[in-house]
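K.L.:
Just need the structure, nothing else, for what follows:
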Amino acid sequence: MNIYHLFEGIDLIFNVFNCDECNQLVSSINYSDYIIINHCNKGRFETIYKNNYIYLSEGDIVFSSGAKHYMHDFPLGYYNGLQILINLKTAQKSIDKIIGSNILDIRKLSNELINTDLQSFVQLLK
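P.N.:
A predicted model of the protein is given here:
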């Protein structure tokens, strides 16, 4: 795992996991303050969204927000992917500097992601 701090509140993470079983419940961070974007390059990524399992295969991308904890598993025993973490508390200033003020409201985007039902969420992936 390589982490790059791109801007205040925005991190880019390159994930490479090679393991037979990996089921982590990461509780050190409250992920309800983040928008999380994952892209699967190789392998398979499993996560839970609104009490339903979602699987990412090669080439899939998923957006999520509002989770208290973030669980993931790699059912094929390996996973290579890209993750972008956007901290809702600190990233707005960086986004405003890059693209201008009042163009993208990340809190509004996060609320839309939280209120997306599972059917719409799955369609978003396809």
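K.L.:
Any idea which helix or strand in the protein has the lowest mean pLDDT?
P.N.:
helix 118-125 (a mean of 46; mean pLDDT, DSSP states H and E).
K.L.:
Which helix or which strand is home to the most centrally placed residue in the chain?
P.N.:
In the chain, the centroid-proximal residue (C-alpha atoms, centre = their mean) is residue 36; its distance is 2.4 Å. Element membership for residue 36 (DSSP states H and E) is strand 34-43.
K.L.:
by contact count, what packs against the following helix or strand past that strand?
P.N.:
Next helix or strand after strand 34-43 toward the C-terminus (DSSP H and E): strand 45-49. With contacts defined as 3 or more C-beta pairs under 8 Å, 6 or more residues apart in numbering; DSSP states H and E, strand 45-49 has these neighbours: strand 52-56, strand 61-65, strand 70-73. Heads up, the C-betas are built off the backbone N, CA and C, glycines and all.
K.L.:
TSV for those, including distance to residue 111 and mean neighbour count?
P.N.:
Output for those, formatted as TSV (distance: least, C-beta to C-beta, whole Å; neighbours: other C-beta atoms under 10 Å):
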stretch	distance to residue 111	mean neighbour count
strand 52-56	20	15
strand 61-65	8	19
strand 70-73	18	18
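K.L.:
out of those strands, which comes closest to residue 81?
P.N.:
strand 52-56 (7.7 Å; C-beta to C-beta).
K.L.:
Adjacent strands (with direction) for that closest one?
P.N.:
strand 45-49 (antiparallel) (DSSP bridges).
K.L.:
picking that back up, nearest to residue 13, of the helices and strands packed on strand 45-49?
P.N.:
So among those, strand 70-73 is nearest, using C-beta to C-beta, at 12.2 Å.
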